[in-house]
Structures are given as C-alpha cells and as structure tokens.
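K.L.:
Fold the following, please.
(one chain, ligands or ions: 2)
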Amino acid sequence: MQLHIKKKLYMNKKGFIFDLDGVIVDTAKYHFLAWKKLANSIGVDFSEAQNEQLKGVSRIKSLEMILEWGNKKINEEEFTALMAKKNDDYLSHIAKMDAQEILPDVPKVLDYLTQEKQAISLGSASKNARMILEKVHLINQFDAIVDGNDVIKGKPNPEVFLKAAKELNTAAKDCIVFEDSVAGVQAANSANMISIGIGDKEILHEADYVFRGFTKISTQFIEELIRK
Ligand code: BG6
Ligand code: MG
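P.N.:
Numbers count the residues shown, from 1 in each chain. Ligands and ions are numbered 1, 2, ... in the order given. Now for the predicted structure:
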C-alpha cells in the first residue's frame, strides 16, 4: 500500500527496498524460536539449516515445509490452528519489542537515503510488518509499504518487489533490495534488481553484494548505488 509519495522529481532517483525481518529489525530470531517450538510440539525436529530455508518464506508455506520435513499429514482445521499458535507465540516476543531491536546503522542509512531524496519501500513477506514498524517508530521513513497482506505469490517470486517498485514509481532496474534470506535474494534477482545480501556470504552467494550488516556499508557505497 502506498503511503505518502513525497514529490521526488529528482535526477538519479532510485528505489531502495528493504526486507523487514533480519534486515531492519532483529526479529528473525523470534521467527526461529516460534517455529522451533511449534515443530517440536508436533514431534518434528527443526535445525538452524532448516530455519535458513524458511527465512523470507510466508507463514503458510513455512508450515507446509515443516510438515513435509516431518512427514506429517494434518487436516485444514489443524493447519489453521497451528498457524495461529505460531503467530501467537511470535507476537508474545514482539510485544516486548522496542526501538532497541532496530539493527545497527539502519536508521543512519534510512536518514541518508531520505536526505538524498531517494524513494524507500518495505518489501516484506510478513503480515505483521506494519505493526512492527510502528512499534520501532520507523514507519514514517517509508514512502511505500508492501508486505504479506499485499501479495499472492511469496518470495522467491518477485511479486513483492515488483509491487514496491510500482508504488515508488521506479523502474525495476533502478531498484536496490536489501535482504537477509536466500528466497529474498532470488526474488530480487528475478525482478532484475540489484540484490544486497545482509548476512553470511556463503549462504547469500547469489546476491550481487553481501555485507555482514549495515555497519559494513559505507556512505560512499550507497552514493555509488544512487549515481549508477
Ligand atoms: C518473513 C520472515 O519476513 O516473514 C519469515 O523471514 C516469516 O520467517 C514471514 O515466516 C511471514 O511473517 P509473518 O509475520 O506474517 O508470520
Ligand atoms: Mg528477512
């Protein structure tokens, strides 16, 4: 959904699209805890490596994958109940959350992009995205928000990022995506956008660039992306 598109009729305007969980806020760890608890409660093991495959993936698809790994068959009613259970548990972690959980240097990068009059969107699979951005007081930094409520096809499908580009009125080739998940990097690549992995180089090897975190991204690097 489009927020307030500032009148940005500037040269070299790019679209900067940020994933939420694990990029802007440190919520990836809460998704992990909640999925692990849920998987274990139905007798399914859940490893860090499996968690990596769930990053960026929608709630429905994540549960389908866990059930497949555990070779479990359940009916629709049970499926709905497990989805709610996972989200309730996840929200109990989020309830205690505040601006301290914003990942280092994220506000600095957002402020710099705003100062440079670049267009900024969220591109997240989460249906809890708006609530989280409000909680950490970052919602006003975004010109548009596209989240799990706005898309039919989840990452690695590029729908979420293409929608964000459209909302920002920016061509896909002029968009830059920050992502911590393999599925998200693949989505950005198939949208023909520049993909910037935030995390482990080996895991995110399909990204155009990978940084451990925003503290490792220099202003000069962002400047180059803008002028490209
Ligand atoms: C992604 C997370 O951002 O959102 C996934 O990386 C999560 O782990 C997905 O499953 C959906 O989030 P939510 O908040 O709608 O359950
Ligand atoms: Mg993420």
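
K.L.:
Give the burial count for the residue nearest to residue 109 when sequence neighbours are not counted, as a bare number.
P.N.:
Leaving aside its sequence neighbours, residue 109 sits nearest to residue 214 (CB to CB, 6 or more residues apart in numbering; 5.3 Å). For every residue, glycine as well, the C-beta is placed using N, CA and C. Residues contacting residue 214 under the criterion other CB atoms under 10 Å number 20.

K.L.:
just checking, residue 74 touches residue 81?
P.N.:
No - Residue 74 is not in contact with residue 81 according to CB atoms under 8 Å; the separation is 9.0 Å.

K.L.:
Residue numbers of this structure in contact with ligand 2?
P.N.:
19, 21-22, 180-181 (CB under 5 Å from the ion).

K.L.:
Using CSV, please lay out the residues you listed together with distance to residue 138.
P.N.:
Conversion of these to CSV gives the following (distance: CB to CB, whole Å):
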residue, distance to residue 138
19, 13
21, 13
22, 15
180, 16
181, 20
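
K.L.:
Using the three-state scheme, assign the nearest residue to residue 200 once chain neighbours are set aside.
P.N.:
Nearest residue to residue 200, sequence neighbours excluded (CB to CB, 6+ apart): residue 210, at 7.6 Å. Secondary structure, DSSP: H, G, I helix; E, B strand; the rest coil: residue 210 is strand.

K.L.:
check contacts around residue 210.
P.N.:
Listed by CB atoms under 8 Å, 6 or more residues apart in numbering, the contact set of residue 210 reads 196-201, 204.

K.L.:
Buried ones in the helix or strand bottoming out on mean pLDDT in the chain, by neighbour count?
P.N.:
Lowest on mean pLDDT, DSSP states H and E among the helices and strands of the chain sits helix 48-54, with a mean of 95. Residues of helix 48-54 classed as buried: 50-52, 54 (neighbour count, 16 or more other CB atoms under 10 Å).

K.L.:
Okay, now the unreliable bits of the chain?
P.N.:
1-12 (pLDDT under 70).

K.L.:
which among the buried residues of helix 48-54 gets closest to residue 188?
P.N.:
residue 52 (17.1 Å; CB to CB).

K.L.:
Check whether that closest one really touches residue 184, as I assumed.
P.N.:
No - counting by CB under 8 Å, residue 52 stays clear of residue 184, with 11.9 Å between them.

K.L.:
before we move on, the earlier item: ok, the residue nearest to residue 109 touching residue 199?
P.N.:
No - using CB under 8 Å as the test, residue 214 is too far from residue 199 to be in contact (11.5 Å).

K.L.:
For this protein, list the residues in contact with ligand 1, please.
P.N.:
By the rule CB under 6 Å from any ligand atom, the part of the chain lying against ligand 1 is 20-21, 31, 54-59, 62, 87, 124-128, 148, 181.

K.L.:
Mark which of those are buried, thanks.
P.N.:
Listed as buried from the residues of the chain next to ligand 1 are 20-21, 31, 54-59, 62, 87, 124-126, 128, 148, 181; burial here means 16+ other CB under 10 Å.

K.L.:
which residues touch the biggest helix by length in the chain?
P.N.:
Assignment by DSSP state H gives helix 76-94 as the longest helix of the chain. Residues outside helix 76-94 that contact it (CB under 8 Å, 6+ apart) are 27, 30-31, 33-35, 37-38, 41-42, 59-60, 63, 74, 128, 131-132, 135.

K.L.:
change it to 6 Å
P.N.:
Defining contact as CB atoms under 6 Å, 6 or more residues apart in numbering, one finds that helix 76-94 is touched by 30, 34, 37-38, 59, 63.
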